[in-house]
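Q: Test case, fold it:
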Amino acid sequence: MMIFLNLLFFLGKADRLTHNMYRLKCHMSLPVAVSLMLVGLPYSISLAAQWLYGWPDKPGYKKYIEALKPRRIFCLTRAVLETVKYLQYGRLYFQWKSWYKNDDNRKHYEKGITFGRRGNKLDLYYAPNRGSSQGVPAPLVVFIYGGAWGSGERSIYCLLARQMAKELSATVICPDYCTYPKGNVLGMVQDIADCLVWAQENGPKFHFEKDNIVLIGHSAGAHLCALTMLFLIDAREELFIETSRQRDITLAMRGVIGLSGVYNIMDHYEHEQKRAVEFVSTMHKAMNGVQNFQYYSPTHLLKKLSQEKLRRVPPVTLVHGTSDIIVPVESSTKLSELLTSLSMNVSLYLLPGVDHTEIVTDLMASDRRFYLPIYSIIKQEYRKFMGS
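A: The predicted structure is shown next:
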């Protein structure tokens, strides 16, 4: 009997011990799961991004050691997760997709015109007064989209180009150009210069003023606008365009408007390093390496131009959102300070609360939050360019 009671006592203690161990396991599983999520998820996101877009530029196994550094993992994961906010543009995405595919809208623009040495395409959006009794040709706006020198296409900006044509009463051209890896920055500048050559040759055919041209660019597109303008003024041989033709184009430029642009490549590379995106970014690849950063920086080129060439630089307007974390606002403020020190005609507008994407997406539809404030600046500066 005593043995039986002892056995029951032992079994009772064992049962309590098992129950306590189960409770301890449950309590431990939550912290373990949270830890795995906090560690495993960032590493998974960061390594996937680097696998898709580029490992650190280090020899052999060192690139993986660099890729696994905690700071890089944290910063790169944060940068990737920031792209989730682009989901808010889903409605706008379907709007432009539908508009561009609708053949009824072809009355507003010419689609897929071939231009240049590489056979790129451009879309031309008519000014709203086309066909009016006055028959006066409209000024020309050339819009260059961004995309970190590695993405983008003209169809995405059909709504923007259409609205810009209406707001400015201008013909608007939106060309494609050879983004990386199909081309480097020099090829992109050549393509934009080719677009301007095409404009000089086809103004009468499409009823726009070939000698009244305004360049507008966003982000990498703003950089390419400034760089193309400076290359043309400097009559660069690598453009493979006759010097006289380059001079004609520069004389036709009435102004340049940069929206959240990159103007000092080394400064922007250092900003990318802080965000740990310098190796997944296409910028240094499109520039053919760090050694070419100065060569492709408008800020550096401006310092090298003679006084005679500086006098041919058209008025420049810089617009930047203070909430931009992709291209910091200092990019525009530093260029403005440089242009001012060179006694150039420059205007700087800083927009509170506007981020890197909103400054361009909010130009696509009149119901967007920043549509009116941004267009009011563009229209004001555009009128100044045109002397009206």
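Q: Could you pick out the longest strand of this structure?
A: Determined from DSSP state E, the single longest strand within the chain is strand 208-218.
Q: So what are the sheet partners of that strand and their directions?
A: With DSSP bridges as the test, strand 208-218 is paired with strand 138-144 (parallel), strand 253-259 (parallel).
Q: Next, format the ones you listed as a markdown table and append mean pLDDT, mean neighbour count and distance to residue 214.
A: The way it works is simple: take the backbone N, C-alpha and C, and place the C-beta from them, glycine included. Converted to a markdown table, the strands paired with strand 208-218 look like this (pLDDT from 0 to 100; neighbours: other C-beta atoms under 10 Å; distance: least, C-beta to C-beta, whole Å):
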| stretch | mean pLDDT | mean neighbour count | distance to residue 214 |
| --- | --- | --- | --- |
| strand 138-144 | 97 | 25 | 5 |
| strand 253-259 | 98 | 25 | 5 |
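Q: Reformat those strands as TSV; add distance to residue 115.
A: Formatted as TSV, the strands paired with strand 208-218 follow (distance: least, C-beta to C-beta, whole Å):
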stretch	distance to residue 115
strand 138-144	11
strand 253-259	18
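Q: How is residue 327 assigned, secondary-structure-wise?
A: coil (DSSP: H, G, I helix; E, B strand; the rest coil).
Q: So what does it have for phi and psi?
A: Backbone dihedrals for residue 327, given as degrees, to the nearest 10, come out at phi -120, psi 110.
Q: can you pull the pLDDT of it?
A: With respect to pLDDT, residue 327 scores 98.
Q: thinking it is in contact with residue 260, fair?
A: Yes: if you go by C-beta atoms under 8 Å, residue 327 and residue 260 touch, sitting 5.2 Å apart.
Q: Same drill for those two, tell me which one is more crowded.
A: Between residue 327 and residue 260, counting by other C-beta atoms under 10 Å, residue 260 is the more crowded of the two (30 against 27).
Q: thinking again about what came up before, what sits in contact with each of residue 327 and residue 260?
A: Counting by C-beta atoms under 8 Å, 6 or more residues apart in numbering, the contacts common to residue 327 and residue 260 are 219, 320, 356.
Q: what's the next secondary structure element after the longest strand of the chain?
A: helix 220-233 (DSSP states H and E).
Q: orientation of that next one relative to strand 253-259 in degrees?
A: 150 degrees (axes from the mean of the first three to the mean of the last three C-alpha atoms, to 10 degrees).
Q: Below-threshold pLDDT in this protein: ranges please.
A: Where the chain drops to pLDDT under 70, the residues are 1-43, 45-53, 55, 61, 63, 65-68, 80-81, 131-134.
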